[in-house]
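**Student:** Build me a model:
(one chain, ligands or ions: 1)
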Amino acid sequence: MKQLDTNQEALIAPIDQDAMLAHAQKWSAINTGTANLEGLAEMAATLADAFSDLPGDVKLLDPAPVTAIGADGSEFEKPHGQHLTLSVRPGAQRRLLFTGHMDTVFPKDSAFQDQKWLDEETLNGPGLADMKGGIAVFLHALKAIEQSGAGQQIGYDVLINSDEETGSLASAPLIEAMAQGKYAALTYEPSALPDGTLAHARGGSGNYSLTITGKSAHAGRNPQDGRNAIVAAAALVLGLKDLQTEDCPINPAKIEGGAANNVVPDHAVLRFNIRPKSPDAAAAFESALAALVRDTQQAHEVSIHQHGGISRPPKPVDRKAQRLFDLVRDCGASLGQEIGWQSTGGVCDGNNIASCGVPVVDTMGVRGGAIHSADEFMIVPSLKERAALSALVIHRLASGEEL
Ligand SMILES: [Zn+2]
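**Tutor:** Prediction:
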């Protein structure tokens, strides 16, 4: 049952469902696959315009340089789009962080570009749930906060990055810098379940490429002079599986390289992903990997170059973060929304924010589902519903609520 006081009623009254839907639809129509720099530039300009309705300065910042390893072992730079930031009342004593991402998993040439109504309340379209609808949620929640005057009691930064879907490598330093000194953060990934359930603790994720360089030789004449990079890669795979624990699943994903059948191969690239469930498991894996690489180099007389690492630290929920979850639940209850949470194996920018010691709830965006597929949908009335939820949470934090 709803139990809002008159202040709260007045706070959420101006939240305009139609304007929110118009924003989400306009943004979904712009393709923003993480590699579509043109689309991202158009989106950044459109967002800069929309966020200029809030006080403060909107900036578009260049991405941090990011490299990847090609199949031949060479390191190359991967281009990324600019990130949007907005800083409001940076001198305020209590400051909050709001984050979202403008990119989607759907590339420019994806068949999934258009929106389609599935029923009166459900809209199918790229990025509507993940997370263009979510960007509309916090923009309109912040507008309501500013309109109410409550905003004067807080400062906040907004970050909308362009590379979340590929791991936020080009925005990680910015996320870390913007998390500094913040009292709490809200991130607008869609709810974990279509009923509004939030994602609670999250495991982490790391991606690695190991480039193995051995020595070629003739397979028949002088194989003893060769140092087989494929054999070393296979030894690494088996060694990695031995390092796997319940707290740290390891997925060797790909071996590239090799040579003709009559040549001892001198080159291979092994790629793998890990999902550490706790900071301890992550640290234990990293030191065990260093030992495995050292031992394999010695045993197989090859050299091994390591690229990558843990880009999403595990996100446990500490006492302050739990209080933020409790606050969201309480605000939901006063709106007549029942809000629960559950742990998930998925990762997002909330991982990076939490690792800076800032309490974060990272699924404050719309209710929806089937994300990362052509069936992605947004439950349209959840736009206003979740903006009201955010507005109440921000209002309580602005009114001195302690975490
Ligand atoms: Zn997302």
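
**Student:** all contacts plus neighbour counts: C-alpha atoms, from now on.
**Tutor:** OK.

**Student:** wait, isn't A391 in contact with A144?
**Tutor:** Yes - using C-alpha atoms under 8 Å, A391 makes contact with A144 at a distance of 6.9 Å.

**Student:** Show me the common contact partners of these two, please.
**Tutor:** Common contact partners of A391 and A144 (C-alpha atoms under 8 Å, 6 or more residues apart in numbering): L11, I12.

**Student:** Which residues does stretch 163-177 contact?
**Tutor:** Counting by C-alpha under 8 Å, 6+ apart, 34, 63-66, 80-81, 83, 101-105, 159, 161-162, 311-312, 348-349, 352-353, 356 sit against stretch 163-177.

**Student:** Show only the entries of the residues you listed found in helices.
**Tutor:** Secondary-structure check on the contacts of stretch 163-177 using DSSP state H: residues within helices are D349, N352, I353.

**Student:** what about the closest residue to the last one other than its chain neighbours, distance to Y156?
**Tutor:** Nearest non-adjacent residue to I353, counting by C-alpha to C-alpha, 6 or more residues apart in numbering: A179, 6.1 Å away. The gap separating A179 from Y156 is 10 Å, by C-alpha to C-alpha, to the nearest Å.

**Student:** Pull up the overlap in contacts between those two.
**Tutor:** Joint contacts of A179 and Y156 (C-alpha under 8 Å, 6+ apart) are L97.

**Student:** Tell me who's in contact with T46.
**Tutor:** Contacts of T46 by C-alpha under 8 Å, 6+ apart: none found.

**Student:** and after the host helix or strand of it, which helix or strand comes next?
**Tutor:** Assigned by DSSP states H and E, T46 belongs to helix 37-51. Using DSSP H and E, the next helix or strand after helix 37-51 towards the C-terminus is strand 57-61.

**Student:** returning to what we had before: emit the PyMOL select command for whichever of the ones in helices among the contacts of stretch 163-177 are buried.
**Tutor:** The PyMOL command for the buried members of these (criterion: 16 or more other C-alpha atoms under 10 Å) is given here:
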select buried, resi 349+352+353
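
**Student:** ok, which stretches of the stretch 51-200 of the chain are helices?
**Tutor:** Applying DSSP state H, counting those that start in this stretch to the stretch 51-200 of the chain gives helices spanning 133-148, 172-179.

**Student:** Buried subset of the contacts of stretch 163-177, written for ChimeraX?
**Tutor:** Per 16+ other C-alpha under 10 Å, the buried members of these correspond to this ChimeraX selection:
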select :34,63,64,80,81,83,101,102,103,104,105,159,161,162,311,312,348,349,352,353,356
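
**Student:** Among the contacts of stretch 163-177, which lie within strands?
**Tutor:** H83, H101, L159, N161, S311, R312 (DSSP state E).

**Student:** Between the residues you listed, which sits nearest the ion?
**Tutor:** Minimum distance to the ion across the ones in strands among the contacts of stretch 163-177 is 6.6 Å, recorded for H101 (C-alpha to the ion).

**Student:** What ranges in this protein fall below the confidence cut-off?
**Tutor:** 1-2 (pLDDT under 70).

**Student:** Apply 90 and report the result again.
**Tutor:** 1-3, 150-151, 344-345 (pLDDT under 90).

**Student:** and it, which of its residues are near the ion?
**Tutor:** Within the chain, the residues that sit near the ion (C-alpha under 5 Å from the ion) are D130, E189.

**Student:** Just the closest residue of the chain to the ion, please.
**Tutor:** Nearest residue of the chain to the ion (C-alpha to the ion) works out as D130 at 4.4 Å.

**Student:** Of all the helices of the stretch 51-200 of the chain, which one comes closest to S399?
**Tutor:** helix 133-148 (11.6 Å; C-alpha to C-alpha).

**Student:** What is that closest one packed up against?
**Tutor:** Here helix 133-148 touches helix 6-12, helix 17-28, strand 95-101, helix 382-398, going by 3 or more C-alpha pairs under 8 Å, 6 or more residues apart in numbering; DSSP states H and E.

**Student:** Nearest to R227, out of those?
**Tutor:** R227 lies closest to strand 95-101 among the helices and strands packed on helix 133-148, at 45.2 Å (C-alpha to C-alpha).

**Student:** buried set for that closest one?
**Tutor:** Across strand 95-101, burial judged by 16+ other C-alpha under 10 Å covers R95, L96, L97, F98, T99, G100, H101.
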